[in-house]
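Q: The sequence isn't on hand, but the structure is:
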């Protein structure tokens, strides 16, 4: 059998990647366009980035988005980790199936429904909509992602490590902090970063739950695009892509390194 | 340590070991007492109304197949499980309800459970720091422990940078560091290869004598239990079947279960012909034309069905008939031979079709053994070789 790629494989890979990345590459390239017209190339320039940093509205929106994402990721990580621990540890409590099902439901729930139902809730309890309602909504839908990530780490966690700590005189809460948490920390950080990026680029749920004075970057971009795409928006999107890419790369490197360390340890153990 | 001192210590240890038998001393107070302990997991009864006393400085082994409840018993002592009924006391203090982190016992885990994010040094210091021991004392104790398990130069390594045997010693050092009243060992040598395991067994014994601590070991390996322990409790289905010294368990098993579980054995069904003081005469079912005379006190009556346990190494296999072939003798044909180097195992088929195993030490260097396949042989034994089992 031939090991090399056949023309069919090459074509499908090329087409697949082209489909995925040409729009993004186009956007990044045009963000450096000197022309005011989005579709006409007129030479390289960083003009639009300067312009962007003088656009108060966009900068405000970016600041709101970052704050929302940071608070969301932090709270969702705490809640998601707690849920993951409960689901993996307390094997057979009444309603476990229901509880885990309910944790995962938002993963597959259409965003429109999540957004709408949260809006109805906020209206029903009469909260002023704005920054905090967006944050609450984001915590709700990102928590389950954190839970999934942390849970997948916890299933392979050796419980006798915790028992050993207890046995050596360490009380349960301290055991969690000095033994369990350091060992599952890479998964917890991955969860945090996932929640951060999800919150960063959410448009639908934020649109439903926002109020006056709280506009996130995706919302601002979307509303501006409706009036016509400006190269400024391209620049903003490029920056957003850069942030998300960096976060994703850090997360995957961490996961990869953890995996490699585990394999190395296993090889060493097998060797002697 | 010079050779002379080492030899002297060894002799002292041997002397203590020979005389050590607090279980026979009615005035001795047990260190650990399980009193009518029952533990259920849902409908499954893991431990059923079990009572057991373990004495100070004893090396005690819980032996049984997986699922017999031996690990549950140990975990109840550590505090990871609570009994449904009964009392567990340690030095007179009731342990039930005390969480694991407040019990004066430490455990060495089967998986070793070394903290992967801490160095060897920090692993050993972990328990000492929980007690709020001051820094200098912690350092001194850790150094002492590292020396004890001969791991001084590995103090800075992480567990994954150690071999299996080294990890095992770190786990041992960590569980000994707090000088617990009782050290619990859960299948401590299960992950080591055979040679290292045998070495470590002797190291464990010496360590236990040196420290004067009480060790409780859980194992499914009967050789390991026999080697290290002062007393063994053989367990089955959550109950103790026999609790005694290794030699008694091996030579005087109290039931078919113990005879079969501990060591290699031939079990032959038989009918009691007569019972005299110190002598039982039985007729084996497999060879009704023969009689076995066994030197043993026995509660059975004439006509009872019993089982005779015969250890393979106590059987003689010969080509020539012994003086009296009607008593304590079977004849048959060699069915199979297993050459183990030090021993040869002969499977002898009796006329009725059942088989007995006999082991013969290979005393001389001969590649061609005189006894070969399909040879007619006589299997004989002395009256004190067999055991009559009534249950």
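A: Everything's here; your move. Because the structure is a prediction, the values reported are computed rather than measured.
Q: What part of chain B, helix or strand, is modelled with the least confidence?
A: helix B:3-19 (a mean of 56; mean pLDDT, DSSP states H and E).
Q: immediately after that one, which helix or strand?
A: strand B:32-41 (DSSP states H and E).
Q: For the helix or strand just after that next one, name the packing helices and strands.
A: Next along the chain after strand B:32-41, taking DSSP H and E as the criterion, comes strand B:44-54. Here strand B:44-54 touches strand B:32-41, helix B:70-78, strand B:85-90, strand B:239-244, going by 3 or more C-beta pairs under 8 Å, 6 or more residues apart in numbering or on different chains; DSSP states H and E. Quick note: C-beta positions are derived from backbone N, CA and C, even for glycine.
Q: pLDDT of strand B:44-54, averaged?
A: On average, the pLDDT along strand B:44-54 is 94.
Q: next one: stretch B:302-309
A: Here the average pLDDT along stretch B:302-309 is 92.
Q: before we move on, what about stretch A:25-36?
A: 84.
Q: neighbouring contacts of it?
A: Residues outside stretch A:25-36 that contact it (C-beta atoms under 8 Å, 6 or more residues apart in numbering or on different chains) are A:38-49, A:230-231, A:234-235, A:237-238, A:241.
Q: end to end, how far does it reach?
A: Start and end residues of stretch A:25-36 are separated by 18 Å (C-alpha to C-alpha, to the nearest Å).
Q: list the buried ones in that stretch?
A: Across stretch A:25-36, burial judged by 16 or more other C-beta atoms under 10 Å in any protein chain shown covers A:27, A:28, A:30, A:31, A:32, A:33.
Q: what's the neighbour count on residue A:69?
A: The number of residues packed near residue A:69 is 24, by other C-beta atoms under 10 Å in any protein chain shown.
Q: Near chain B, which residues of the stretch 101-250 of chain A are found?
A: Residues of the stretch 101-250 of chain A found near chain B (C-beta under 8 Å from any C-beta of the partner chain) are A:158, A:160-161, A:163-172, A:179, A:182-183.
Q: Distance of residue A:162 relative to residue A:153?
A: Computed as C-beta to C-beta, to the nearest Å, the residue A:162 to residue A:153 distance reads 14 Å.
Q: let me fix that: residue B:198
A: Distance from residue B:198 to residue A:153, by C-beta to C-beta: 38 Å.
Q: State the distance from residue A:64 to residue A:192.
A: Separation of residue A:64 from residue A:192 (C-beta to C-beta) stands at 19 Å.
Q: let me redo that: residue A:205
A: Here residue A:205 is placed at a distance of 19 Å from residue A:192 (C-beta to C-beta).
Q: And the helices in the stretch 51-200 of chain B, which stretches?
A: Assigned by DSSP state H, counting those that start in this stretch, the helices in the stretch 51-200 of chain B fall at B:70-78, B:120-130, B:135-148, B:164-176, B:194-211.
Q: could you check whether the fourth one is close to chain A?
A: Yes - Helix B:164-176 comes into contact with chain A (C-beta under 8 Å from any C-beta), by way of B:164, B:165, B:174, B:175.
Q: returning to what we had before: in helices only, show me the contacts of stretch A:25-36.
A: Per DSSP state H, helices hold the following members of the contacts of stretch A:25-36: A:47, A:48, A:49, A:231, A:234, A:235, A:237, A:238, A:241.
Q: Pick the one among those residues closest to chain B.
A: residue A:241 (34.7 Å; C-beta to the nearest C-beta).
Q: Confirm for me that that closest one is in contact with residue A:23.
A: No - using C-beta atoms under 8 Å, residue A:241 is not in contact with residue A:23; the gap is 11.1 Å.
Q: buried stuff in stretch B:232-242?
A: B:232, B:233, B:234, B:235, B:236, B:238, B:240, B:241, B:242.
Q: host element of the residue nearest to residue B:251 when sequence neighbours are not counted?
A: Excluding its sequence neighbours, the residue lying closest to residue B:251 (C-beta to C-beta, 6 or more residues apart in numbering or on different chains) is residue B:387, at 7.6 Å. Element membership for residue B:387 (DSSP H and E) is strand B:386-389.
Q: Over to residue A:152?
A: helix A:131-154.
Q: which strands and helices sit next to the following helix or strand past that helix?
A: Using DSSP H and E, the helix or strand that follows helix A:131-154 in sequence is helix A:159-167. The contact analysis (3+ C-beta pairs under 8 Å, 6+ apart) places helix A:159-167 against helix A:172-175, strand B:105-108.
Q: looking at those, which is buried most?
A: strand B:105-108 (a mean of 25; mean count of other C-beta atoms under 10 Å in any protein chain shown).
Q: what separates that one from the chain centre, distance-wise?
A: Here strand B:105-108 is found 19 Å from its chain centre; the criterion is C-alpha atoms, centre = their mean, to the nearest Å.
Q: quick one: secondary structure of residue B:333?
A: Of the three states, residue B:333 takes strand under DSSP: H, G, I helix; E, B strand; the rest coil.
Q: if we can go back for a sec, for residue B:169, find the nearest of the helices and strands packed on strand B:44-54.
A: Among the helices and strands packed on strand B:44-54, the nearest to residue B:169 by C-beta to C-beta is helix B:70-78 (20.6 Å).
Q: how far away is residue B:309 from residue B:352?
A: 19 Å.
Q: the more surrounded of these two?
A: Higher neighbour count among residue B:309 and residue B:352: residue B:309, with 24 against 12, using other C-beta under 10 Å.
Q: Find the nearest non-adjacent residue to residue B:32, please.
A: Using C-beta to C-beta, 6+ apart, the nearest residue to residue B:32 is residue B:54, at 4.1 Å.
Q: for residue A:234, same thing?
A: Spatially, and ignoring its direct neighbours in sequence, residue A:234 is nearest to residue A:31 (3.7 Å; C-beta to C-beta, 6+ apart).
Q: now do residue A:158
A: Spatial nearest neighbour of residue A:158, chain neighbours left out: residue B:111 (6.1 Å); criterion: C-beta to C-beta, 6+ apart.
Q: Give me the pLDDT value at the one you found.
A: Residue B:111 is assigned a predicted lDDT (pLDDT) of 90.
Q: Distance of it relative to residue A:161?
A: 9 Å.
Q: So what's the residue count around residue A:168?
A: Residues near residue A:168, counting by other C-beta under 10 Å, number 26.
Q: what's the distance between it and residue A:90?
A: Distance from residue A:168 to residue A:90, counting by C-beta to C-beta: 24 Å.
Q: Ok, residue B:228 next?
A: 38 Å.
Q: same thing with residue A:152?
A: As for residue A:152, its distance to residue A:90 is 18 Å (criterion: C-beta to C-beta).
Q: So these two - more neighbours on which side?
A: Neighbours per residue, other C-beta under 10 Å: of residue A:152 and residue A:90, the larger number sits with residue A:152, 13 against 10.
Q: Now do the contacts for the more buried one.
A: Counted by C-beta under 8 Å, 6+ apart, residue A:152 has contacts residue A:187.
Q: what does the stretch 1-150 of chain B have sitting close to chain A?
A: The interface of the stretch 1-150 of chain B toward chain A, taken as C-beta under 8 Å from any C-beta, is made up of B:78-80, B:99-102, B:105-107, B:109-111, B:113-117, B:126-127, B:130-131.
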